[in-house]
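[1] Predicted model and sequence below, questions to follow.
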Amino acid sequence: LYSPAAISKTSGHKTVRDQCIEDFLIMLGLRTGQKLKLVVHELWHKEKPMFEFGAEPDAELFVPKDGMVPRHARLATKVQEMKTMSDQDVSSKVVAQMVSKACKEAKKVGLLDGTDEWTARWKQQK
C-alpha cells in the first residue's frame, strides 16, 4: 500500500502499520469485519530453523514430486540443495542472491523509495 511517508518515519507508525495489516486482511478476505486478535504461534521448530519454521511447518512442501508446477519444482529442488548447506552459507550466499534479485525486481516496478522508478510510479498516484 502506498503511503506518502514511510511508516517507520512517523510518530504513530504502530497505528499506521496496524491499519495496513487490517486493510490487507480485509482485502484478502481473511477478516470479515469482526476484530479478532492475531494468534501467536511458535516460529522455530527444528534444529535447522532456516527451513523448519512457521505456525505449522509442512516438511513435504519443498520435496520435489512428479506433477509439480515447474516453478514449484525448481524451488523445491533449490531448497533441498540449501538443506545440505550450513545456515551460515545459506545466509551469506543463497539468501544474499535472493535479496539482490528481489531488490532488482522491486526497483524495476517502482517499489524502492527514492529511485527514479519509484518517483515515476507514485507521482501519477497523487
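    The structure has been received and is ready for your questions. Numbering: from 1, shown residues only.
[2] Report all helices and strands that the least confident helix or strand in the chain by mean pLDDT contacts.
    Of all helical and strand segments in the chain, the minimum by mean pLDDT, DSSP states H and E falls on helix 13-27, at a mean of 79. In this structure, helix 13-27 packs against no helix or strand, with contacts taken as 3 or more C-beta pairs under 8 Å, 6 or more residues apart in numbering; DSSP states H and E. Any C-beta I mention is one placed from the backbone N, CA and C, and that applies to glycine too.
[3] Tell me the helix or strand right after it.
    Moving toward the C-terminus from helix 13-27, the next helix or strand (DSSP states H and E) is helix 70-83.
[4] which parts of that following helix are buried?
    For helix 70-83, a neighbour-count test (16 or more other C-beta atoms under 10 Å) marks A76, V79, M82 as buried.
[5] Please tell me how far the second one sits from S100.
    Pointing back at V79 there. Separation of V79 from S100 (C-beta to C-beta, to the nearest Å) stands at 19 Å.
[6] just the first one next, same as before
    Per C-beta to C-beta, A76 is found 22 Å from S100.
[7] Next one, pLDDT for K83 please.
    What the model reports as pLDDT for K83 is 82.
[8] re the thing from before, could the C-alpha coordinates of the least confident helix or strand of the chain be exported in PDB?
    The C-alpha trace of helix 13-27 is given here as PDB (Å, rounded to 0.1, in the frame of the first residue of the first chain):
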ATOM      1  CA  HIS A  13       3.900   4.200  13.000                       C
ATOM      2  CA  LYS A  14       2.300   1.400  15.000                       C
ATOM      3  CA  THR A  15      -1.200   2.700  14.300                       C
ATOM      4  CA  VAL A  16      -0.400   3.100  10.600                       C
ATOM      5  CA  ARG A  17       1.100  -0.400  10.500                       C
ATOM      6  CA  ASP A  18      -1.800  -1.900  12.200                       C
ATOM      7  CA  GLN A  19      -4.200  -0.300   9.800                       C
ATOM      8  CA  CYS A  20      -2.200  -1.500   6.900                       C
ATOM      9  CA  ILE A  21      -2.500  -5.000   8.200                       C
ATOM     10  CA  GLU A  22      -6.200  -4.700   8.800                       C
ATOM     11  CA  ASP A  23      -6.600  -3.400   5.200                       C
ATOM     12  CA  PHE A  24      -4.700  -6.300   3.800                       C
ATOM     13  CA  LEU A  25      -6.700  -8.800   5.900                       C
ATOM     14  CA  ILE A  26     -10.000  -7.400   4.700                       C
ATOM     15  CA  MET A  27      -8.700  -7.200   1.000                       C
END
